[in-house]
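>>> Any chance you can model this:
(one chain, ligands or ions: 2)
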Amino acid sequence: MRTQVGIVGAGPAGLLLSHILHLQGIDSVIIEAKSRSYIEERIRAGVLEHGTADLLCEIGCGQRMRAQGLVHGGIELQFSARRQRIDFQELTGGKSVVVYAQHEVLKDLIQARLDTGGQIFFEADQVSIHDFESASPHPRIRFRKDEIDHELTCDFIAGCDGFHGVCRPSIPASALQVFERVYPFGWLGILAQAPPSSHELIYSNHDRGFALLSMRSPTISRLYIQCDPEDDIAAWSDDQIWSELHARLEGIDGWKLIEGPVLQKGITGMRSFVVEPMQYGKLFLAGDSAHIVPPTGAKGLNLAAADVRLLARAFAAYYKSGRTHLLDQYSETCLRRVWKVQRFSWWMTSMLHRFEDDTPFDRRRQLAELDYVTSSRAGAQSLAENYVGLPFD
Ligand code: FAD
Ligand code: DHB
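Ligands and ions are numbered 1, 2, ... in the order given. Next up, the predicted model:
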């Protein structure tokens, strides 16, 4: 098989890249390890920056999001038994975010790809990449599907296969610099059959640890609590989870959290991770394969979308004019945004979570930071402009 851009991974990065390339007349094939139903059902991120939402509309994949997504013009920050709203619209000249589940975005993108003749090999085994050094004319992706070995020859490979994929580890370690911070806590997340107890998302800094109230629809809530990353999810009963959520989110003017049956639950570890550069020869990394942010602030999916926006533009320039200047600048241009988003995600995480080794001084400083951010226009505006999404270059 032959294509122009061989894409490993059908997550947000791989699918978006493939569809944008298609709209530019560039051919691509996606190789994905999991099944279509697995990808379309896995519960992950939920908040789209205004630029990500606009991008989905521009490429003709925004119809369901516009109909079913929940537009949010702010968030609430809760601390010291107070709840303060950060008004994004007022602080950013009318911008907002959209709450729309990642797996719904993936359904829309997969459908769009298949409707326009896109090729996605789901359930591919033994995926490996070869001959992607600068000098080699034809990079290759090998994989096994339905007991048959396949080889895809391409001009470039896009490594969109997430943090645990094969692309990043295929680059010689000596060519990469890794920057990493692992946090001593994780998030226990539940999906509950319960109407959201608040119109806005609530990020709560509580003595017992962080909690977040989010939602997926008028009848489904998404809730998170800070926990030990080594905890066994089976050891957390639904009653225990609700009890922690009540303790960490209530206590404001008689406000009550609405409970409902827990539909799904899981624990995610938290890390900040960046690899530099995001390119090696004819292999370009995008999304989680190149960087991970802790989830506070909901940036993972949005950063993946920002990467592939640039990568698609660089491929388009190459196929139009033969010039590689945008491909050559890809890593450097991406990393400027990546590091700003890393900073924001680290800052939100540090401001809102309980750290075991915090001294009473650290705790008072953390609460003062929340007080500053919610009482100063400059402080609130900085949070708001990052949360709705920094402008694209
Ligand atoms: P991925 O979505 O990881 O997609 C990579 C794809 O590559 C996957 O489909 C995978 O199956 C495939 N793949 C992997 N290895 C191979 C291989 N060898 N061959 C072929 N295919 C392969 N972000 C937030 O902002 N908020 C959240 O609440 C949030 N929750 C999360 C919860 C979990 C459990 C996880 C894991 C992530 C969460 N994230 C969250 C992060 C966000 O979902 C990611 O940043 C986003 O999915 C990145 O998109 P991506 O396309 O780069 O990678
Ligand atoms: C959600 C996830 C986040 O990481 C966040 O900061 C806000 C909302 C969510 O899954 O709804």
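
>>> in the protein, which helix has the most residues?
Ranked by residue count, the top helix of the chain under DSSP state H comes out as helix 325-352.

>>> Any part of it near ligand 2?
No. Figure legend: helix 325-352 not in contact with ligand 2 (Cβ under 6 Å from any ligand atom); closest approach 7.6 Å. Every C-beta, even on glycine, is put in place using the N, C-alpha and C of the backbone.

>>> same for that helix, what does it pack against?
Other helices and strands packing on helix 325-352, by 3 or more Cβ pairs under 8 Å, 6 or more residues apart in numbering; DSSP states H and E, are strand 201-204, strand 262-276, strand 279-280, helix 300-321, helix 360-375, helix 377-388.

>>> just the helices in the stretch 51-200 of the chain please.
In the stretch 51-200 of the chain, helices defined by DSSP state H, counting those that start in this stretch lie at 63-68, 88-91, 102-115, 167-170, listed in chain order.

>>> As a markdown table, those with distance to ligand 2 would be great.
A markdown table is the format used below for the helices of the stretch 51-200 of the chain (distance: least, Cβ to the nearest ligand atom, whole Å):
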| stretch | distance to ligand 2 |
| --- | --- |
| helix 63-68 | 14 |
| helix 88-91 | 13 |
| helix 102-115 | 8 |
| helix 167-170 | 23 |
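
>>> So what's the residue count around residue 134?
Neighbourhood size, residue 134 [other Cβ atoms under 10 Å]: 9.

>>> check contacts around the residue nearest to it when sequence neighbours are not counted.
What sits nearest to residue 134 in space, not counting adjacent residues and going by Cβ to Cβ, 6 or more residues apart in numbering, is residue 281, at 4.2 Å. The contact partners of residue 281, by Cβ atoms under 8 Å, 6 or more residues apart in numbering, come to 132-136, 139.

>>> quick one on the thing from earlier: which residues in the longest helix of the chain does the neighbour count mark as buried?
Neighbour counts over helix 325-352 (16 or more other Cβ atoms under 10 Å) mark 326-327, 330-331, 333-335, 337-338, 341-342, 344-349, 351-352 as buried.

>>> hang on, the earlier thing: indicate which one of the helices and strands packed on helix 325-352 is closest to residue 38.
Minimum separation from residue 38 across the helices and strands packed on helix 325-352 (Cβ to Cβ) falls at strand 262-276, 13.8 Å.

>>> roughly how far apart are the nearest residue to residue 116 once chain neighbours are set aside and residue 152?
With sequence-adjacent residues excluded and distances taken as Cβ to Cβ, 6+ apart, residue 116 is closest to residue 22, at 5.7 Å. If you measure residue 22 against residue 152 using Cβ to Cβ, to the nearest Å, the figure is 17 Å.

>>> Looking at these two, which is more packed in?
A side-by-side neighbour count of residue 22 and residue 152, using other Cβ under 10 Å, places residue 152 first with 21 against 18.

>>> Tell me what the more buried one is bridged to.
For residue 152, the beta-bridge partners under DSSP bridges are residue 141.

>>> Wondering if the longest helix of the chain reaches ligand 1 at all.
No. Judged by Cβ under 6 Å from any ligand atom, helix 325-352 makes no contact with ligand 1; its nearest approach is 8.6 Å.

>>> do stretch 34-52 as well
Yes. Stretch 34-52 is in contact with ligand 1 by Cβ under 6 Å from any ligand atom, via 34, 39, 44-46.

>>> Tell me if that stretch is near ligand 2.
Yes. Counting by Cβ under 6 Å from any ligand atom, ligand 2 is contacted by stretch 34-52 at 45-47.

>>> Keep only those of the residues you listed that are in strands.
Judged by DSSP state E, strands contain the following of the residues of stretch 34-52 next to ligand 2: residue 47.

>>> need the residues of stretch 34-52 next to ligand 2 in TSV with pLDDT, can you?
Shown next, in TSV, are these (pLDDT from 0 to 100):
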residue	pLDDT
45	90
46	92
47	98
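
>>> Looking at the residues of stretch 34-52 next to ligand 2, which one is closest to residue 101?
Taking Cβ to Cβ as the measure, residue 101 lies nearest residue 46 of these, at 5.3 Å.

>>> From what I see, the closest one and residue 214 are in contact.
Yes. Using Cβ atoms under 8 Å, residue 46 is in contact with residue 214, at 6.0 Å.

>>> if you count what's nearby, which of those two comes out ahead?
residue 46 (25 against 22).

>>> Please give me every residue in contact with the more buried one.
Residues in contact with residue 46 (Cβ under 8 Å, 6+ apart) are 99-102, 214, 216, 222, 298.

>>> Check the residues you listed one by one and keep those near ligand 1.
By Cβ under 6 Å from any ligand atom, the members of the contacts of residue 46 lying near ligand 1 are 102, 298.

>>> want to try CSV for the contacts of residue 46, with distance to residue 64 as columns?
Shown next, in CSV, are the contacts of residue 46 (distance: Cβ to Cβ, whole Å):
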residue, distance to residue 64
99, 13
100, 8
101, 11
102, 13
214, 19
216, 13
222, 18
298, 19
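
>>> Those residues of the stretch 101-250 of the chain touching ligand 2, which are they?
For the stretch 101-250 of the chain, the residues in contact with ligand 2 (Cβ under 6 Å from any ligand atom) are 201, 212, 214, 222.

>>> please redo it, this time with the cut-off set to 5 Å
214, 222 (Cβ under 5 Å from any ligand atom).

>>> In this structure residue 279 contacts residue 330, no?
Yes. Counting by Cβ under 8 Å, residue 279 touches residue 330, with 5.9 Å between them.

>>> For the nearest residue in space to residue 158 that is not next to it in sequence, give its distance to ligand 1.
In space, and not counting its chain neighbours, residue 158 is closest to residue 7: 4.6 Å by Cβ to Cβ, 6+ apart. Using Cβ to the nearest ligand atom, to the nearest Å, residue 7 is found at 9 Å from ligand 1.
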